[in-house]
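[1] 3D model of this:
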Amino acid sequence: MNMNINFVDEEHEEKYNKLVKKFEPDLEYRTYVVLMYLLAVIDRDGRIDDVIEKRNDSFDRIRVKSDALCHSWVTSGDCLIIRLAFNLFTGRTPTVDKSDSAENQNRELRRYTPANLFNGLDRRCKNAAFEALRIYLNWI
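    Numbers count the residues shown, from 1 in each chain. The predicted model follows:
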């Protein structure tokens, strides 16, 4: 698929291209494009390896790590982008711990609502989030 992608700046496009080269996602699938696009906006010093990993032994070539939100470098805005990326990539809420109490599970689920995901983003990340949604929804 050849879709026009609007990057927030040159640095974002550079990091997107580096992630695509490193993880070799199948760019025919919108979920991979959106995942790489969103993670590129928050990648600092190649630390995105803390969030996803490349797998050569399965159909799913990229796996989102369940502890992605637990690293010291991850800011509150990063958490919002990671949750949005996870949700668009998997269609799920992978940071919800099913062994946790119902109250804690519900609290984490509420963090995936559009109001919660978009309210805490700075302008740069908000622009990237809207563009990711455009890519995801307009994929043909």
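[2] Quick check: nearest residue in space to the residue positioned nearest the centre of the chain, chain neighbours excluded?
    The centre of the chain sits closest to Ala85, judged by Cα atoms, centre = their mean, with a distance of 2.4 Å. Nearest residue to Ala85, sequence neighbours excluded (Cβ to Cβ, 6 or more residues apart in numbering): Leu38, at 3.9 Å. Every C-beta, even on glycine, is put in place using the N, C-alpha and C of the backbone.
[3] Glu13 sits in which helix or strand?
    Here Glu13 sits within helix 10-23, counting by DSSP states H and E.
[4] What's the first helix or strand after that helix?
    Following helix 10-23 in sequence, per DSSP H and E, is helix 30-42.
[5] just checking, what packs against that following helix?
    helix 10-23, strand 62-64, helix 76-90, helix 123-138 (3 or more Cβ pairs under 8 Å, 6 or more residues apart in numbering; DSSP states H and E).
[6] mind listing what's buried in the third one?
    Neighbour-count burial for helix 76-90, counted by 16 or more other Cβ atoms under 10 Å, picks out 77-89.
[7] Tell me the one among these nearest to Ile62.
    Among those, Phe89 lies closest to Ile62 (Cβ to Cβ), at 8.1 Å.
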